[in-house]
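# This is the structure alone, sequence omitted:
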């Protein structure tokens, strides 16, 4: 089998390219093929960490194990319109989508598909990926990459803290501090995340910044900004300070909707800045 590398796999490591193309082949066999010359780049033996370049020719001299071509899900016209209506930004590389509450990001946990699989079908490419994810009950902006190259670039930007995301949050209780920071340690335990005051094995430092936007008689609208992006970070930290997010069924009282909305996304490297207004439902429920 011979592959000519296009821009989608440019700068991707040889072993990672092969894992994508040969998902049914054991990794040990792939490395053995590279080591023995049964896998060559431009007619020569190469190393597993070689970064591919556009127009490189990768030749695989063993048969079988190729990843089967995946079929895309079939969407209804209504689902297509939902995707179109939720796209708040799009260019040749990136899609920013405004996810509604109770939409799942990926298939699994009783769902045959999520918005990730829907976008793969919409663009007719298996290279589409979301580089950040929010809980099913959380709504707001999620970042999608149309190619593997862009996925890698955006993942690096997120990991290095070069992007910014902010949330509107409606919580129970009257928050007295105008601004406050929560710095704790979060640890996954079975079906929940617990908060710790000090480090222990398996825990991760978690830092969040908050600002009060509006105070009602029994509830408060906050702006939340993450320095770290841990699972359920905002939900756990606010619940433990006795101000659970309204509608949070796991760490609060539950309800029809969880009032946690990702409204702001900035990616300086790509010149992208999206800011959405406070949803009317927050004002109505304060």
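Structure received. The structure presented is a predicted model; accordingly, all values stated were derived computationally and were not measured.
# ranges for the helices of this protein?
Under the criterion DSSP state H, the chain carries helices at the ranges 14-21, 27-36, 77-86, 115-123, 148-159, 233-240, 280-284.
# Now do the third one: which elements does it pack against?
Of the remaining helices and strands, those touching helix 77-86 by 3 or more CB pairs under 8 Å, 6 or more residues apart in numbering; DSSP states H and E are strand 94-99, helix 115-123. For the C-beta atoms, the positions are set from N, CA and C on the backbone; glycine is no exception.
# Just the angle for that helix relative to strand 94-99, thanks.
Between helix 77-86 and strand 94-99, the angle comes out at 110 degrees (axes from the mean of the first three to the mean of the last three CA atoms, to 10 degrees).
# next one: helix 77-86 to chain centre, how far?
Averaging C-alpha positions (CA atoms, centre = their mean, to the nearest Å) puts helix 77-86 20 Å from its chain's average.
# The fifth one now?
The gap between where helix 148-159 is centred and where its chain is centred comes out at 11 Å by CA atoms, centre = their mean.
# now for it, which elements pack on it?
Short answer (3+ CB pairs under 8 Å, 6+ apart): helix 148-159 packs on strand 139-145.
# In its sheet, which strands sit next to the strand it packs on, and in what direction?
strand 94-99 (antiparallel), strand 129-130 (antiparallel), strand 260-267 (parallel) (DSSP bridges).
# quick one: average pLDDT of stretch 251-263?
Mean pLDDT, stretch 251-263: 93.
# mind starting the numbering at 338 from now?
Okay, residue one is now 338; in that scheme the one you just asked about reads as stretch 588-600.
# start to end distance for it?
End-to-end distance for stretch 588-600: 22 Å, by CA to CA, to the nearest Å.
# what comes up buried for that stretch?
588-589, 594-600 (16 or more other CB atoms under 10 Å).
# closest to residue 370 out of the strands paired with strand 476-482?
strand 466-467 (26.6 Å; CB to CB).
# and the closest one, what's its mean pLDDT?
The model assigns strand 466-467 a mean pLDDT of 95.
# which outside residues touch it?
442, 452-453, 456, 479-482, 485, 488 (CB atoms under 8 Å, 6 or more residues apart in numbering).
# can we see that at 10 Å?
With contact meaning CB atoms under 10 Å, 6 or more residues apart in numbering, strand 466-467 is reached by 432, 434, 436, 442-443, 451-453, 456-457, 479-485, 487-489, 491-492.
# In ChimeraX, how would I select just the buried ones from those residues?
To isolate the buried ones among these in ChimeraX, judged by 16+ other CB under 10 Å, type:
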select :432,434,436,442,451,452,453,456,457,479,480,481,482,483,484,485,487,488,489,491
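# Pick the most deeply packed of the helices of the chain.
Comparing the helices of the chain by mean neighbour count (mean count of other CB atoms under 10 Å), helix 570-577 ranks first with a mean of 22.
# In terms of secondary structure, what does it contact?
Applying 3 or more CB pairs under 10 Å, 6 or more residues apart in numbering; DSSP states H and E, we find helix 570-577 packed against strand 501-509, strand 516-526, strand 529-533, strand 541-552, strand 556-563, strand 597-604.
# Low-confidence stretches in the stretch 338-487 of the chain?
Residues of the stretch 338-487 of the chain meeting the criterion pLDDT under 70: 402, 404-407.
# at 80 instead, please
Residues of the stretch 338-487 of the chain meeting the criterion pLDDT under 80: 344-345, 399-407, 446.
# still on that earlier bit, of all the helices and strands packed on helix 570-577, which lies closest to residue 583?
strand 501-509 (4.6 Å).
# Not counting residues beside it along the chain, what's closest to residue 597?
Closest residue to residue 597 apart from its sequence neighbours, by CB to CB, 6 or more residues apart in numbering: residue 475 at 4.8 Å.
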